[in-house]
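Novice: Just need the structure, nothing else, for what follows:
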Amino acid sequence: MRFTSLLILFFMVYMRVQAQQNSAQKTTLTLATLYGSNVSYYGQVTNEKLPYILANATIRFPIGFYLSAGSYKLLNYGPGLSETDIGGGFDYDFNDRFTTGVAYTRSFFPANSPLLQASNENNVNLSAGYTWNWLESSLSADYAFGEQEDVFLSLSHSKEIDIGYLFNEKNSLSLEPAIELSAGTRHFYTTYIIEKGKRDQAKGIIQKPNPPGNPNSSTTTTIASNNFDLLSYNFKLPLSFSRANYIAEISYQLSILGPKAEAELKRQQSLFGLAFYYQL
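Specialist: Coordinates of the predicted model:
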């Protein structure tokens, strides 16, 4: 009983502190637009270049819960939107250094989508981050499912560097170089190859038959996709300009695939992006 009473007292004090902290916060709405030179799925990029523009809105409540909705359009592939998504999540800060989060996203793709992730319409994400004295580390786990099922794990380290001010103290510049390792399964690739074959046939592209004695590509892909392998090494360098309620960003990412990458994916790819965020 003594332990139970202490536990209840601790819980009441904790909730009181949380209520005081939350009262000083407010609900925010963040609007974002972004241009990307190519679509990347855990650092993996197809041989077909797919530049895109993206729009997103996220509403975040003081308790840590948030809702989001967005869509993007491939600039060189078909009419209409190329993907639309809705989602929600919850972030919790244990202290100034350690944070965790859980999120779910549901995506909607048109038929014959050229995107690698088109067979994984659902995504559940668990994440944890820790801020060291000079470095920020994060670990993220994803369960993606739909027509296929895949598991991904990403580990990243980053460092925010304040460059200074532009014109006055209200305009700040910063760099946040980061390195990220992504690993996972590749069931999504099996569906991508099948759908790509259908698109090629519709365009009148004749695929070469497999050499005698070799297993067909679909069988090889299915076997390889069951393995949990290193997918990519990603090196990121975003430059941000912030003022009051908005941030403008230009970014560069170099992605190098793991040793067991599939044939239809680029071994090395440079990605460029422009982004603008506004918070209400």
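Novice: bridging residues for the residue nearest to Leu31 when sequence neighbours are not counted?
Specialist: Leaving aside its chain neighbours, Leu31 sits nearest to Tyr278 (4.9 Å; criterion: Cβ to Cβ, 6 or more residues apart in numbering). Placement of C-beta: from N, CA and C, glycine included. Tyr278 forms beta bridges with Leu31, Tyr246, as assigned by DSSP bridges.
Novice: Also Tyr66?
Specialist: Residues in beta-bridge contact with Tyr66 (DSSP bridges): Arg60, Gly89.
Novice: Thought Asp91 was touching it, still the case?
Specialist: Yes: Tyr66 lies in contact with Asp91 (Cβ atoms under 8 Å); the separation is 7.3 Å.
Novice: out of these two, which sits in the busier spot?
Specialist: Neighbour count, other Cβ atoms under 10 Å: between Tyr66 and Asp91, Tyr66 has more, with 19 against 16.
Novice: For the more buried one, list the residues it contacts.
Specialist: 58-60, 88-91 (Cβ atoms under 8 Å, 6 or more residues apart in numbering).
Novice: do that again at 10 Å, thanks
Specialist: Counting by Cβ atoms under 10 Å, 6 or more residues apart in numbering, Tyr66 touches 27-28, 30, 58-60, 87-91, 101, 103.
Novice: sorry, back to before: any shared contact partners between Tyr66 and Asp91?
Specialist: 60, 101, 103.
Novice: Export those residues as a markdown table, with columns for pLDDT and neighbour count.
Specialist: Formatted as a markdown table, the shared contacts of Tyr66 and Asp91 follow (pLDDT from 0 to 100; neighbours: other Cβ atoms under 10 Å):
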| residue | pLDDT | neighbour count |
| --- | --- | --- |
| Arg60 | 96 | 19 |
| Gly101 | 97 | 18 |
| Ala103 | 98 | 18 |
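Novice: TSV for those residues, including distance to Leu50?
Specialist: TSV is the format used below for the shared contacts of Tyr66 and Asp91 (distance: Cβ to Cβ, whole Å):
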residue	distance to Leu50
Arg60	30
Gly101	28
Ala103	24
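Novice: Tell me the one of the residues you listed nearest Leu173?
Specialist: Taking Cβ to Cβ as the measure, Leu173 lies nearest Arg60 of the shared contacts of Tyr66 and Asp91, at 25.1 Å.
Novice: right, and that closest one touches Asp91 too?
Specialist: Yes: with contact defined as Cβ atoms under 10 Å, Arg60 reaches Asp91; the gap is 8.4 Å.
Novice: which residues of the stretch 101-250 of the chain fall in helices?
Specialist: 187-202, 217-225 (DSSP state H, counting those that start in this stretch).
Novice: would you list every one of the strands in this structure?
Specialist: Using DSSP state E, the strands of the chain run over 28-36, 52-60, 65-74, 83-93, 98-108, 122-131, 136-145, 149-158, 161-166, 168-175, 178-184, 229-243, 246-257, 268-279.
Novice: Off-centre distance for the last one?
Specialist: Meaning strand 268-279. Remark: strand 268-279 is offset 12 Å from the chain centroid, using Cα atoms, centre = their mean, to the nearest Å.
Novice: Please apply the same query to the longest one.
Specialist: Strand 229-243 has its C-alpha centroid displaced from the chain centroid by 11 Å (Cα atoms, centre = their mean).
Novice: Point out the other elements, helices or strands, that that strand touches.
Specialist: Secondary-structure packing of strand 229-243 (3 or more Cβ pairs under 10 Å, 6 or more residues apart in numbering; DSSP states H and E): strand 149-158, strand 161-166, strand 168-175, strand 178-184, strand 246-257, strand 268-279.
Novice: angle of the first one against strand 136-145?
Specialist: Orientation of strand 149-158 against strand 136-145 (axes from the mean of the first three to the mean of the last three Cα atoms, to 10 degrees) gives an angle of 170 degrees.
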